[in-house]
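Enquirer: predicted structure and sequence below. I'll ask about it afterward.
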Amino acid sequence: MTKEDITVEVASEGHLRYVGEILATIEDAAKVRGTGIATRKPEYISRKIMEAKAVIALYGERFAGFSYIETWEHKRYVTTSGLIVHPDFRGLGLSKKIKDLTFSLARTRWPHAKIFSLTSGAAVMAMNTQLGYKPVTFADLTSDESFWKGCEGCVNVDILKRTDRKYCICTGMLFDPEEHLPAKIPQGVLDRIALLDGNENE
């Protein structure tokens, strides 16, 4: 089996049945690493899928990986978050395929937004660097309290609070779209996104 045998796509309603397995995989990874992976509720992940703000990887019908995106400060900032690969599919380079599509999705939907990441994983930092992210201080990231509230589910949140949100285990990384060319994504996905965005603005 290679990563070419695994389908990576923008998640849709038919993928809601994987929500439980997605959350269990994230939780298990947090226990193994002993570092920061913020927990999420089933309703949150389901909403990301329904809003075309998530990417899923499947090997046939088997769940292989996942990530999602979120916007902050009236879509001035975007995060690509929750990147996870099921243990059975690690070591294939699947993380990069998921990251690349999640990143392209974020850039296509919000081309002028700054994309940022908080991560404690060396592999994610390397992928971010390849995509054009740069390390920044937390002050360069969104000030939206809703974003930082998401850190409450992380085992290291006490560090973040003790340092008045200046430092933590995670590294902040930022992609500035003004420094890069536009992203491209398949037309079928663009049509679905246009419909969703139109409904949001009603």
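Expert: Now that the structure is in, tell me what you want to look at. Numbering: from 1, shown residues only.

Enquirer: low-scoring stretches of the chain, by residue?
Expert: 32-39, 181-182, 200-202 (pLDDT under 70).

Enquirer: quick one: the strands in it, in order.
Expert: If DSSP state E is used as the criterion, the strands of the chain fall at 7-10, 54-59, 62-72, 77-85, 114-119, 134-136, 171-175.

Enquirer: out of these, the one nearest residue 153 is which?
Expert: Checking the strands of the chain against residue 153 by Cβ to Cβ gives strand 77-85 as the closest, at 11.3 Å. To be clear about C-beta, it is placed using only N, CA and C from the backbone, and glycine gets the same treatment.

Enquirer: could you dump the strands of the chain into CSV with mean neighbour count and distance to residue 103 added?
Expert: Converted to CSV, those look like this (neighbours: other Cβ atoms under 10 Å; distance: least, Cβ to Cβ, whole Å):
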stretch, mean neighbour count, distance to residue 103
strand 7-10, 17, 12
strand 54-59, 24, 9
strand 62-72, 23, 9
strand 77-85, 23, 6
strand 114-119, 23, 7
strand 134-136, 13, 14
strand 171-175, 20, 8
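
Enquirer: wait, which of those is closest to residue 185?
Expert: It's strand 7-10; of the strands of the chain, that one is closest to residue 185 (Cβ to Cβ) at 8.1 Å.

Enquirer: what is that closest one packed up against?
Expert: Here strand 7-10 touches strand 54-59, helix 94-109, going by 3 or more Cβ pairs under 8 Å, 6 or more residues apart in numbering; DSSP states H and E.

Enquirer: who wins for proximity to residue 119 among those?
Expert: Relative to residue 119, the nearest member of the helices and strands packed on strand 7-10 by Cβ to Cβ is helix 94-109, separated by 10.6 Å.

Enquirer: what comes up buried for stretch 138-147?
Expert: The neighbour-count criterion (16 or more other Cβ atoms under 10 Å) identifies 138, 141, 142, 144, 147 as the buried residues of stretch 138-147.

Enquirer: just say which of the helices and strands packed on strand 7-10 is most tucked in.
Expert: Among those, ranked by average contacts under mean count of other Cβ atoms under 10 Å, first place goes to strand 54-59 (a mean of 24).

Enquirer: who does that one touch, helix- and strand-wise?
Expert: If you count contacts as 3+ Cβ pairs under 8 Å, 6+ apart, strand 54-59 packs onto strand 7-10, helix 42-50, strand 62-72, helix 94-109.

Enquirer: redo that, cut-off 10 Å
Expert: Applying 3 or more Cβ pairs under 10 Å, 6 or more residues apart in numbering; DSSP states H and E, one finds that strand 54-59 makes contact with strand 7-10, helix 42-50, strand 62-72, strand 77-85, helix 94-109.

Enquirer: strand partners (parallel or antiparallel) of that strand?
Expert: Its sheet considered, strand 54-59 pairs with strand 7-10 (antiparallel), strand 62-72 (antiparallel) by DSSP bridges.

Enquirer: can you redo those as CSV with distance to residue 24?
Expert: Compiled in CSV, the strands paired with strand 54-59 are given as follows (distance: least, Cβ to Cβ, whole Å):
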stretch, distance to residue 24
strand 7-10, 20
strand 62-72, 10
